[in-house]
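> One predicted model, sequence on top.
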Amino acid sequence: MSFFEENSPEMDRYLETHASAEPEMLKRLRKETFQKTTQPHMISGYQQGRLLSIISKMLQPKNILEVGTFTGYATLCMAEGLAKDGKITTLDVNEELAYLPKRYFAESEFSSQIDFRIQNALEYLKKTDEIFDLVFIDADKENYVEYFKLIKPHLKSGSVVLFDNVLWYGKVLEENPKQQSTKSIKELNDLVAKDEDFENLILPLRDGVNMLRRR
């Protein structure tokens with residue numbers, strides 16, 4: 001099997017069987033995402049969700065930013081590790097789908113700590129003075145470089161940033177990519193690797209997660 005092919009169903013079952021259990025509410029959200037959205041593959045899913053949960057629990061962040069809410073699965077996973085007085089701000093531009101994450105956020109034990117906004121993330125980052133302990137970016141790939149540049153002033157030493165889909169189905173290996181999204185992801189990965197203010201590692205989980213820690 002090629003490195004960039006999806007895991008086989010048998011391997012996925014093995015990985016999930018040998019990982020911490022997915023909370024029941026997230027199981028329902030995942031099922032409903034596949035039933036009611038046209039691109040359910042955009043959900044973080046079981047394995048990535050448990051990674052986000054564990055990272056958040058290790059950091060116990062007071063301030064989380066998520067760019068790209070989709071149906072709120074990753075939001076709820078990261079909320080599991082929030083400090084008692086912490087909050088997570090999650091941004092998306094899809095008003096039509098907003099009803100779904102809103103419903104699950106309201107049901108969640110973290111409802112009072114989740115600030116869900118229909119707002120352009122680039123504009124938000126240009127205006128906010130917030131400092132974030134944990135950032136998860138899973139949105140328009142064409143703007144990944146801009147997100148990286150804008151988020152950097154809002155980090156402190158020890159802050160962790162995760163960019164999703166940074167292997168882009170293996171397209172990052174193309175020498176002269178035609179897709180702008182591929183070009184942007186390649187540029188992001190190059191910028192991060194050369195930036196001495198960060199230490200990073202690309203995790204080959206699903207479609208690749210670039211995990212950065214601010215020095």
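Received the coordinates, thanks. Residues are numbered from 1 along each chain as shown.

> pLDDT weak spots in the protein?
For the chain, the stretches flagged by pLDDT under 70 are 1-7.

> Strands along that one, start to end?
63-67, 87-92, 114-118, 132-137, 155-164, 198-203, 209-214 (DSSP state E).

> Mean neighbour count and distance to residue 98 added to those strands, as JSON lines?
Every residue, glycine included, has its C-beta placed from N, CA and C. Below are those laid out as JSON lines (neighbours: other Cβ atoms under 10 Å; distance: least, Cβ to Cβ, whole Å):
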{"stretch": "strand 63-67", "mean neighbour count": "26", "distance to residue 98": "14"}
{"stretch": "strand 87-92", "mean neighbour count": "23", "distance to residue 98": "7"}
{"stretch": "strand 114-118", "mean neighbour count": "17", "distance to residue 98": "6"}
{"stretch": "strand 132-137", "mean neighbour count": "24", "distance to residue 98": "18"}
{"stretch": "strand 155-164", "mean neighbour count": "19", "distance to residue 98": "20"}
{"stretch": "strand 198-203", "mean neighbour count": "15", "distance to residue 98": "29"}
{"stretch": "strand 209-214", "mean neighbour count": "20", "distance to residue 98": "25"}
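
> So which residues make contact with stretch 23-35?
22, 40, 43, 45-46, 49, 70-73, 76-77, 100, 104, 107-108 (Cβ atoms under 8 Å, 6 or more residues apart in numbering).

> Same question for stretch 166-185.
Counting by Cβ under 8 Å, 6+ apart, 2-4, 141-145, 165, 186, 188-189, 202, 204, 207-210 sit against stretch 166-185.

> One more: stretch 54-64?
By Cβ under 8 Å, 6+ apart, stretch 54-64 touches 20, 77-83, 85-89, 130-136, 158, 160, 162, 211.

> Buried residues in that stretch, which are they?
By 16 or more other Cβ atoms under 10 Å, the buried positions in stretch 54-64 come out as 55, 56, 59, 61, 63, 64.

> Ok, stretch 38-58 next?
40, 42-53, 55-56.

> Repeat that for stretch 90-106.
Result for stretch 90-106 [16+ other Cβ under 10 Å]: buried residues 90, 91, 92, 97, 98, 100, 101, 104, 105.

> Serialize those to TSV and add fields for distance to residue 121.
As requested, the buried residues of stretch 90-106 are exported to TSV (distance: Cβ to Cβ, whole Å):
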residue	distance to residue 121
90	10
91	5
92	8
97	16
98	15
100	19
101	15
104	21
105	18
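
> Looking at those residues, which is nearest residue 154?
residue 91 (13.2 Å; Cβ to Cβ).

> Go ahead and confirm that closest one touches residue 66.
Yes. Using Cβ atoms under 8 Å, residue 91 makes contact with residue 66 at a distance of 6.9 Å.

> quick one: contacts for the residue sitting nearest the centre point of the chain?
When Cα atoms, centre = their mean is applied to the chain, the residue found nearest the centroid is residue 136 (3.8 Å). Contacts for residue 136 (Cβ under 8 Å, 6+ apart) come out as 52, 64, 65, 66, 67, 68, 74, 78, 161, 162, 164.
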